[in-house]
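# Provided below are the primary sequence and the corresponding predicted coordinates.
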Amino acid sequence: IKYPNDFTPTLLSGECKIKFDFIVVGAGSAGAIIAARLSEIADWNILLLEAGGDPPESSEIPLKWSLALNTEYDWKFLTEQEDNLFKGLDGEKCHVPRGCMLGGSSSMNVMLQIRGTKYDFDEWEKSGCAGWGFDSVLPYFIKSENFTDMTRYDPKIHGNCGPLTVSPFVSPDPAIQTISQAADLMGLTNVKDLNKIERSIGYAMSDSTTRDGLRCSTLKAFLMPNSGRPNLFVAKYIRVTRILIENKSAVGVEFVSTSGEFKTVNCTLEVILSAGVVMSPQLLMISGIGPADHLKEMGVDVVADLPVGKNYQDHVAYFGLVLSDGKNRPIEDIAAESQKLRKETFDLIPKGISTMGLTGLLSFVDSKRASGNPDIEIMKIRYSCNTTQQMNTFKNMFGFSDEMAKVYNELNTHSDILLMIPISNIITKTGHVLLRSKDPLASPKIIANYLSDQEEIDTMVRGIEFVVEMCKTKPMTDAGYAFEEIPFPNCETNCKWGTKDYWKCGIKNLATSIFHSVGTNKMGAIDDKTSVVDPCLKVIGIEKLRVIDCSAMPLLVTCNTNAATMMMAEKGADIIKTQYGK
Ligand SMILES: Cc1cc2nc3c(=O)[nH]c(=O)nc-3n(C[C@H](O)[C@H](O)[C@H](O)COP(=O)(O)OP(=O)(O)OC[C@H]3O[C@@H](n4cnc5c(N)ncnc54)[C@H](O)[C@@H]3O)c2cc1C
């Protein structure tokens, strides 16, 4: 792997004579695409500033995705505590991991490639984002893509000459078949391609951002092939601390290097913020763009009074539905079977086949069985017998407290365990990101406000009940899967497994983020008081400043968020080129 050359030594040397046209802050899912696409214009010089460096080698292998969590490659954000949530999590706070490296979160995510429905993007347009309806965004999903599964290739929905390789996830796990049969009995159909236009309800194996069995991040797809361009400058380990604004116009940025040296760099055309859902709003607020009251309280001079940091939206997942696999059999048989399945899974990697074990199978459910739109996504993860303890999986991946992690690890010593995870798509109340102080290096406050509304809790409970019904169907019980009754430390003594009270107590303990936070620099109509950026992604009231990343999503798509973020970057780059007549 040949990562981009590092421009940082030249940038810090004071001898840099290059006049930059654009500065892109953050080389993540969006930023890597923006920088690569803008550098297609040979007479523009693009400076891409990234707080992290090259990704770790383990990030290449899909099955090892979680190794980067809670390391130096992760920003390790935490939410604030909440009265009725996170009781089974470490410190009663929810982990919000975000990649701190080239490729950003696309270098540490689970690689599930799902775009969102026609309904999702038509709602964006209706909310005031002119030009972002489904028919307008579909060409940008296609533009990025090199879809490798020719058996499902349809040029109306898939691309085959884009830089981003999208391949099917494959699994040798027999549970895929079993769960599919259970889903059929629950009235779900196999939609075969989760990115089909007419998809809304059903299940399928997910496609993935992988190439020849390895991760295909935006670093690999967009930056690496173009990093030899003479007009693209990638600076690593440079943390931007402020946007320089003169007369309501962005002129450059201030940054700090790893040695603690603060410097500035200017640009002639635009600063583009692609620092993600937490850091993009933080940088705006530190620079005086945000809610005036909050900025004044923090001692920051107000440049523009905008609702930056509001509209924080995320998908909440419930991790309390655990099935064990044939626990009445001798442990030696279970361990041998488990080891064989692990070997078969790992054997796929050298063959260039993309696999995540069992995790690739996803279902989208209308739990009310009324609206025709999915309000619940169901994900499954299998942990092979006796493996979770070694990797500290539950603590590291999902932030469980020691007490909760011990319960799950103990179960895993007796059997494979299967987590069936309902994820709620309904958001009626949003959270917010706030400054902790005016120190640009202080981690901002995240007030998640998850499940703070009865409708959200009811949807989650319906999702749980759907999964329970599904897992009690004949194919699942015949295969030996049985629920484990997880004891939660702080429930009423008479709170019986399977009752609504039990689920509500479970939610209080183990409902947490599934890493899809977006929305903190909401895109919308220019005269809408809730908008931070207009439909051209320009910060309202400030010249030469845009936000292009998942923070600009007005409404969270009803699925995973990477594909929609990359689409925004592709479209954002085209909007910029058009504006400058390129
Ligand atoms: C663990 C995990 C698993 C996920 N799994 C999936 C999945 O399977 N499928 C899916 O669709 N979505 C998934 N997501 C979500 C998806 O990856 C994100 O929505 C998407 O990557 C967001 O892209 P972004 O460009 O907005 O931000 P990021 O990709 O996070 O990029 C922001 C970049 O900005 C840099 N940065 C931040 N602040 C500064 C600063 N001050 N100066 C310089 N650089 C800075 C960061 O280091 C980072 O590189 C997952 C996310 C995580 C964290």
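Yes, it's here.
# which ones are touching residue 403?
88, 489 (CB atoms under 8 Å, 6 or more residues apart in numbering). Using the backbone N, CA and C atoms, a C-beta is placed for each residue, glycine as well.
# Kindly state the pLDDT recorded for the spatially most distant residue from the centre of the chain?
Here the centre of the chain is the reference, and by CA atoms, centre = their mean the most remote residue is residue 330, at 39.8 Å. Looking at residue 330, its pLDDT reads 89.
# in the chain, which residue is closest to the centre?
Note: the chain centre (CA atoms, centre = their mean) maps to residue 516, 4.2 Å.
# Is that residue located within a helix, as I assumed?
No - using DSSP: H, G, I helix; E, B strand; the rest coil, the secondary structure at residue 516 is coil, not a helix.
# Distance of the residue farthest from the centre of the chain relative to residue 221?
47 Å (CB to CB, to the nearest Å).
# sorry, back to before: state the distance from the residue nearest to the centre of the chain to residue 121.
16 Å.
# Residue 217 now?
24 Å.
# before we move on, what about residue 130?
In terms of CB to CB, residue 130 sits 12 Å off from residue 121.
# can you check residue 183 too?
For residue 183 relative to residue 121 (CB to CB), the value is 26 Å.
# Residue 175 is in contact with residue 475, correct?
No - assessed by CB atoms under 8 Å, residue 475 is found out of contact with residue 175, at 10.0 Å.
# Near the ligand, which residues of the stretch 1-150 of the chain are found?
25-31, 49-52, 97-100, 104-106, 108-112 (CB under 6 Å from any ligand atom).
# Show only the entries of these found in strands.
25, 49 (DSSP state E).
# Out of the residues of the stretch 1-150 of the chain next to the ligand, name the ones that lie in helices.
residue 31 (DSSP state H).
# Now do the helix or strand residue 507 falls within: which elements does it pack against?
Per DSSP states H and E, residue 507 falls inside helix 500-510. When contacts are defined as 3 or more CB pairs under 8 Å, 6 or more residues apart in numbering; DSSP states H and E, helix 500-510 packs onto strand 316-318, helix 454-471.
# I'd like the next helix or strand past that helix.
strand 511-513.
# What pairs with that following strand, parallel or antiparallel?
strand 316-318 (antiparallel) (DSSP bridges).
# ok, is the partner strand in contact with the ligand or not?
No - legend: contact between strand 316-318 and the ligand by CB under 6 Å from any ligand atom is lacking; minimum distance shown is 11.5 Å.
# For the lowest-mean-pLDDT helix or strand in the chain, buried residues please.
Lowest on mean pLDDT, DSSP states H and E among the helices and strands of the chain sits helix 388-391, with a mean of 84. For helix 388-391, a neighbour-count test (16 or more other CB atoms under 10 Å) marks residue 388 as buried.
# how distant is it from the center of its chain?
24 Å (CA atoms, centre = their mean, to the nearest Å).
# The closest residue to the ligand within the chain and residue 3, how far apart?
Proximity to the ligand, evaluated over the chain using CB to the nearest ligand atom, is greatest for residue 28 at 1.8 Å. The gap separating residue 28 from residue 3 is 15 Å, by CB to CB.
# residues making contact with the least confident helix or strand of the chain?
66-67, 394, 408-409, 412-413, 417.
# Following element in sequence after it, please.
helix 393-398.
# Identify each buried residue in the very next helix or strand once past that next one, please.
For helix 393-398, the succeeding helix or strand toward the C-terminus, using DSSP H and E, is helix 402-412. In terms of neighbour count (16+ other CB under 10 Å), helix 402-412 has its buried residues at 404-405, 407-409, 411-412.
# Same question for stretch 470-488.
For stretch 470-488, by 16+ other CB under 10 Å, it's 470-471, 473, 475-476, 479-484, 486, 488.
# Keep only those of those residues that are in helices.
470-471, 475-476.
# Check the residues you listed against residue 203 and report the nearest one.
Residue 203 has its nearest neighbour among those in residue 470, at 10.2 Å by CB to CB.
# Surely that closest one and residue 483 touch.
No - with contacts counted by CB under 8 Å, residue 470 stays clear of residue 483, the gap being 11.5 Å.
# how about the helices in the stretch 1-150 of the chain?
For the stretch 1-150 of the chain, applying DSSP state H, counting those that start in this stretch gives helices covering 8-13, 31-38, 118-126, 134-144.
# Comparing these, which stretch has the densest surroundings?
helix 31-38 (a mean of 29; mean count of other CB atoms under 10 Å).
# Could you name the helices and strands sitting against that one?
Secondary elements touching helix 31-38 (3+ CB pairs under 8 Å, 6+ apart): strand 20-25, strand 46-49, strand 232-235, helix 562-579.
# Export the ones you listed to JSON lines and append columns for mean pLDDT and mean neighbour count.
Listed next are these as JSON lines, based on pLDDT from 0 to 100; neighbours: other CB atoms under 10 Å:
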{"stretch": "strand 20-25", "mean pLDDT": "98", "mean neighbour count": "25"}
{"stretch": "strand 46-49", "mean pLDDT": "98", "mean neighbour count": "28"}
{"stretch": "strand 232-235", "mean pLDDT": "98", "mean neighbour count": "24"}
{"stretch": "helix 562-579", "mean pLDDT": "98", "mean neighbour count": "22"}
